[in-house]
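Asker: Sharing a model that was predicted from the sequence below.
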Amino acid sequence: MKVVIIGGVAGGATAAARLRRLDEQAEIVVFERSGYVSYANCGLPYYIGGAISDPDALTLQTPESFFARFRVDMRVRHEALAIDPKGKTVRVRNMDTGEEFEEHYDKLLLSPGAKPVRPRLPGAELDRVFTLRTVEDTFNIKEFIGSEKPKSAVLVGGGFIGVELAENLRELGMEVTVVELSRQLMAPFDPDMAAFIHSEMRAHGVKLALGRSVAGFEPKDGGLDVLLEGGAQLHADMAVLAIGVAPDTGLAKNAGLELGLRGSIIVNEKMETSAPDIYAVGDAVQVKHSVTGQDALISLAGPANKQGRIAADNICGGDSRYRGSQGSSVIKVFGLTAACTGVNETAAKKAGLDADTVILSPMSHAGYYPGGKLMTMKVVFEKGTFRLLGAQIIGYEGVDKRIDVLAAAIGAGMDAPRLGELDLAYAPPYSSAKDPVNMAGFMIENIAKGLVRQFHLEDIPGLPRDGSVTLLDARTPVEYSLGHIDGFVNIPVDELRERLGELEQGKPVYVICQSGLRSYIACRILAGHGFEAYNFAGGFRYYSTVVKDRRLTEQASPCGMDK
């Protein structure tokens, strides 16, 4: 059997290695148009910033090492030009010599990945405007920084690449502005959770131009002007387009393969395309979102590697199935770690799911053990069924392990209250006896049992201030004096039983505290005395962060940057 693979990065390289482990006799040929195989896309910004100093560390394998171990014919700088599904051939060009030839296959695997979105903007071809996707892109940016010593950069796009590159360029001492069409960075997060990312970026000197789009680039004063829609402009020494990626599927389209979202390749659970003996994996394929069941594009290394393994199994006669992606991801944002899995609240409601959330601010480990750090967790679940839909966590320590537990719970089909039953490892330096994941489960269990009713951030502006309801802040007087929501009166939770006479029976009571715990206790006290009480999801810390972020975004200067 002869297997030809187009694309030698995550999915293609994984498939090649798996194929060899399953079939020692197969002939395996990989064509990769860049000069590198099996390289770490996710590490590219960190090489630019200097956190990764050795360029060889970016490539997990070389063609030579791959051949030595797996006897796979890895041909870099070879571009696949056309596929003939009937004749089972691929036309290929050697990019160094210009020679074109045909390669026959018994099985063909497409792993072309995705290409950076590069809109047709005036000046986008200027030599100070870059994209970042390949090792070559990385070296171009690194060489430019080394030779030109730029002092400022504009990054167009606030996704993973934009945020990671912003941090790394700031570490080099550059002034950095991120321009993002949406009013938030990092679309996998809900806007309220993205506020914590914005705060960290601003605290480290990154300027944010949210809700703004780029109209073009013009050379000026040895650098360039980045023109924004509406007439404003930003001056910088360089710019990087990190708007996103699109499936690189020209080959598949021309070969007549069935395409889906944004031109992606449609595959079944076995990673088979619409053409016999042709498989496809990675960023170029359309998958099912495992939570919503809807078609999706999920450009992450984890799914690509799993799909490559599954395709290899099936090429060798197996029966492996890809069950879908749930988009688990994590990112370093200066000192913060931000992670998510499943769907956020915005996406859940857009998908037609009746979603609710709990928001909590637990410590990373036992409070009495030194060094604990707060994290903010938002867990999304379906009303009625209490099915887990997704989670987002932002904090400093222990974020990654909690998101992985939640990802596993979602993948296992657990309902949200069962999070409280999970038997998780505990020692004071690492966790609490009631882990943050357990606490999220307890909170949702209380909702399921009717022990607590919530109100959310979007409800606050509509709360009556005419005396028909009671608005109660259960924090200490000192906390209250440092900031509170207009209309909320202060009665500390520890004084509440003695001061119940100050509250009018028959009026609903809406309670807030710093993190949501004391207000929950206050709600239980009130319920025990015949009051209808509602607990604020998230607490004042969460509220103040989100409201401040919205104010800063709305007060952005005419050029689109934070003041």
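Answerer: Thanks, I have the structure now.
Asker: since we're on the nearest residue to Lys142 once chain neighbours are set aside, how many residues are nearby?
Answerer: Leaving out its chain neighbours, the residue that sits closest to Lys142 by Cβ to Cβ, 6 or more residues apart in numbering is Ile48, at 5.5 Å. Yep, even glycine has a C-beta here, placed from its N, CA and C like the rest. Here the neighbour count serves as a burial measure; for Ile48 (other Cβ atoms under 10 Å) it reads 24.
Asker: Just list what the helix or strand of the chain with the lowest mean pLDDT packs against, helices and strands only.
Answerer: Of all the helices and strands that make up the chain, the one with the lowest confidence by mean pLDDT, DSSP states H and E is strand 114-116; it has a mean of 86. Under the contact definition 3 or more Cβ pairs under 8 Å, 6 or more residues apart in numbering; DSSP states H and E, strand 114-116 sits against strand 245-247.
Asker: Provide a list of residue ranges in the stretch 451-563 of the chain with pLDDT below threshold.
Answerer: 556-563 (pLDDT under 70).
Asker: so where do the strands sit in it?
Answerer: Counting by DSSP state E, counting those that start in this stretch, the segments of the stretch 451-563 of the chain that form strands are 454-455, 470-473, 489-490, 509-512, 533-536.
Asker: of those, which approaches Lys86 most closely?
Answerer: strand 454-455 (60.0 Å; Cβ to Cβ).
Asker: So in that sheet, which strands flank that closest one, and in what orientation?
Answerer: strand 533-536 (parallel) (DSSP bridges).
Asker: Convert the strand it pairs with to CSV, retaining C-alpha atoms only.
Answerer: Output for strand 533-536, consisting of C-alpha atoms alone and laid out as CSV, is shown next (Å, rounded to 0.1, in the frame of the first residue of the first chain):
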residue,chain,number,x,y,z
ALA,A,533,-34.2,36.3,47.9
TYR,A,534,-31.9,36.3,44.8
ASN,A,535,-28.1,35.9,44.8
PHE,A,536,-25.9,37.9,42.4
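Asker: How about it, which residues are buried there?
Answerer: Neighbour-count burial for strand 533-536, with 16 or more other Cβ atoms under 10 Å as criterion, is recorded at 533-536.
Asker: Please convert these to CSV, extending it with distance to Leu181.
Answerer: Shown next, in CSV, are those (distance: Cβ to Cβ, whole Å):
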residue, distance to Leu181
Ala533, 41
Tyr534, 36
Asn535, 36
Phe536, 31
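Asker: Quick one: the helices in the stretch 1-150 of the chain, in order.
Answerer: Taking DSSP state H, counting those that start in this stretch as the test, the helices found in the stretch 1-150 of the chain are 10-22, 44-49, 63-70, 135-148.
Asker: Would you tell me which of those helices gets closest to Ile525?
Answerer: For the helices of the stretch 1-150 of the chain, proximity to Ile525 was assessed by Cβ to Cβ; helix 44-49 is nearest, at 50.1 Å.
Asker: Distance from the closest one to the middle of the chain?
Answerer: Computed by Cα atoms, centre = their mean, to the nearest Å, the separation of helix 44-49 from the middle of its chain amounts to 18 Å.
Asker: Now do that helix: which elements does it pack against?
Answerer: Using 3+ Cβ pairs under 8 Å, 6+ apart, helix 44-49 sits against helix 135-148, helix 160-171.
Asker: could those helices be laid out in JSON lines, adding mean pLDDT and mean neighbour count?
Answerer: As requested, the helices and strands packed on helix 44-49 are exported to JSON lines (pLDDT from 0 to 100; neighbours: other Cβ atoms under 10 Å):
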{"stretch": "helix 135-148", "mean pLDDT": "93", "mean neighbour count": "16"}
{"stretch": "helix 160-171", "mean pLDDT": "95", "mean neighbour count": "23"}
